[in-house]
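>>> Structure for the following, please:
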Amino acid sequence: MTNPATELSSPSSPSVLHGNEHEHKVHTVHVNDALETAKNHYKSNYVSTTKYSLITFVPKSLYEQFRRVANLYFTIVAVLSCTEMSPVSPVTTIGPLVLVIGLSVAKEAYEDYKRYRADQELNSSFVSTFRNGDYTQIKWRELKVGEIVKVRGGEFFPADLLFLDSSSKDGICYVETKNLDGETNLKIKTAVEATTKNPLELIDLSKPDIKCDRPNNSIYTFTGNLRLNPPSRHSGKKTGQELQEIPIGINNLLLRGASLRNTEYVVGCAVYCGHDTKVYLFLTTSLLFVFHTTSLAANFTSSLYFFGRIQRMISFKLFWLLKAKVF
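Alright, predicted model coming up:
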């Protein structure tokens with residue numbers, strides 16, 4: 001029986017990012033500093049999983065239909081039926097072809113509209129964000145990299161967050177990742193130890209920044225540093241304190257799409273937003289999509305492979321049938 005609370009393990013040990021030679025590979029986040037973060041022009045937290053737009057729908061959907069050898073074959077047959085050589089009426093071949101392609105295009109339009117509605121619902125969800133000295137409710141699409149958010153139990157994480165604090169005295173929380181990897185057992189995540197006492201006061205005093213991996217599609221790896229700047233750096237006062245670099249890893253990262261369980265609340269900083277989040281880069285790379293309320297089940301992937309094999313087999317046979325007809 002699987003333990004109900006296990007850590008999400010990383011296949012490789014975390015490494016610390018430092019040194020000028022790595023600067024071009026580093027994703028820098030200025031915590032709770034909108035002016036500095038805006039200079040980096042990071043993506044917004046708005047997401048879209050639709051395949052078409054109003055402009056591209058007709059050409060792209062027709063291209064998708066005629067990529068299939070079956071539709072191409074019956075189109076050629078329909079064209080040949082319009083010649084004097086054909087013994088059958090063109091209506092008997094053109095009619096069914098138009099009906100099949102029309103229904104397929106309509107199905108594509110309906111499914112893409114459902115994805116659009118799901119995107120709008122998700123982008124319009126609310127999250128508690130620390131702005132102007134207090135927490136306020138904003139929509140997910142308004143969230144920006146570097147902002148501090150508070151997520152309560154049962155809610156989904158709106159972006160990839162660096163875990164700073166929680167309601168637990170131990171600085172831990174329990175996360176459900178079934179929307180990401182299909183697993184229903186809870187994972188333990190750990191807050192950065194230096195920020196668990198009073199993260200907002202620490203952020204105000206030290207003006208920290210995060211240097212970590214650039215956006216990538218690996219949901220099991222994350223490395224970087226949380227840099228706590230001494231007050232002398234931004235206030236001009238000499239305090240004798242030095243710059244602190246605290247290593248951070250995958251156990252400190254709360255992924256977008258996962259949900260908080262058995263914990264009253266957590267506080268985190270948005271590291272990756274929108275299409276820069278790990279889950280969306282992963283889905284784009286693997287040519288899958290997610291309906292935001294369901295998990296990525298393994299049988300879905302296997303069914304795609306099964307139907308792909310059937311389509312290749314039909315295409316192969318139709319190719320030789322078409323060759324026999326023409327030659």
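
>>> As a check, name the ranges of all helices in this protein.
34-38, 57-66, 69-80, 91-123, 178-181, 199-206, 232-235, 278-285, 298-326 (DSSP state H).

>>> which of those has the lowest average pLDDT?
Per-stretch mean pLDDT for the helices of the chain is lowest at helix 232-235 (a mean of 50).

>>> Can you give me the distance of the nearest residue to residue 156 once chain neighbours are set aside to residue 153?
Using Cβ to Cβ, 6 or more residues apart in numbering and skipping the chain neighbours, the partner closest in space to residue 156 is residue 259 (4.9 Å). For every residue, glycine as well, the C-beta is placed using N, CA and C. To residue 153, residue 259 is 9 Å away according to Cβ to Cβ, to the nearest Å.

>>> Looking at those two, which is more packed in?
Set side by side, residue 259 and residue 153 show more neighbours around residue 259, with 18 against 15, by other Cβ atoms under 10 Å.

>>> Quick check, pLDDT for that one.
Value for residue 259, per-residue pLDDT: 94.

>>> And the one 10 residues further on, by the same measure?
Note on residue 269: pLDDT of 95.

>>> give me every residue that touches it.
Residues in contact with residue 269, defined by Cβ atoms under 8 Å, 6 or more residues apart in numbering, are 29, 31-32, 146-149, 161-162, 164, 210.

>>> my read: the residue nearest to residue 156 touches residue 155, true?
Yes. Using Cβ atoms under 8 Å, residue 259 is in contact with residue 155, at 6.6 Å.

>>> tell me the residue furthest from the middle of this protein?
Ranking residues of the chain by C-alpha distance from their mean position (Cα atoms, centre = their mean) puts residue 84 at the top, at 55.3 Å.

>>> how close does it get to residue 90?
11 Å.

>>> for residue 282, same thing?
48 Å.

>>> of the two, who's got more company?
Comparing residue 282 with residue 90 by other Cβ under 10 Å, the one with more neighbours is residue 282, at 20 against 14.

>>> The more buried one and residue 217 touch, don't they?
Yes. The criterion here is Cβ under 8 Å, and residue 282 meets it with residue 217 at 4.3 Å.

>>> shaky segments in the stretch 101-250 of the chain?
230-241 (pLDDT under 70).

>>> Spit out the contact partners of residue 204.
residue 32.

>>> Residue 42 now?
Residue 42 is in contact with 144-145, 273, 276, counting by Cβ under 8 Å, 6+ apart.

>>> if I look at residue 182, how far off is residue 253?
To residue 253, residue 182 is 19 Å away according to Cβ to Cβ.

>>> Of these two, which one has the most company?
Per other Cβ under 10 Å, whichever of residue 182 and residue 253 has more neighbours is residue 253, with 25 against 14.

>>> Pretty sure the more buried one sits against residue 159.
No. With contact defined as Cβ under 8 Å, residue 253 does not reach residue 159; the gap is 10.7 Å.

>>> what residues are shared contacts of the two?
residue 271.

>>> and the contacts of residue 42, which are buried?
Buried by 16 or more other Cβ atoms under 10 Å: 144-145, 273, 276, out of these.
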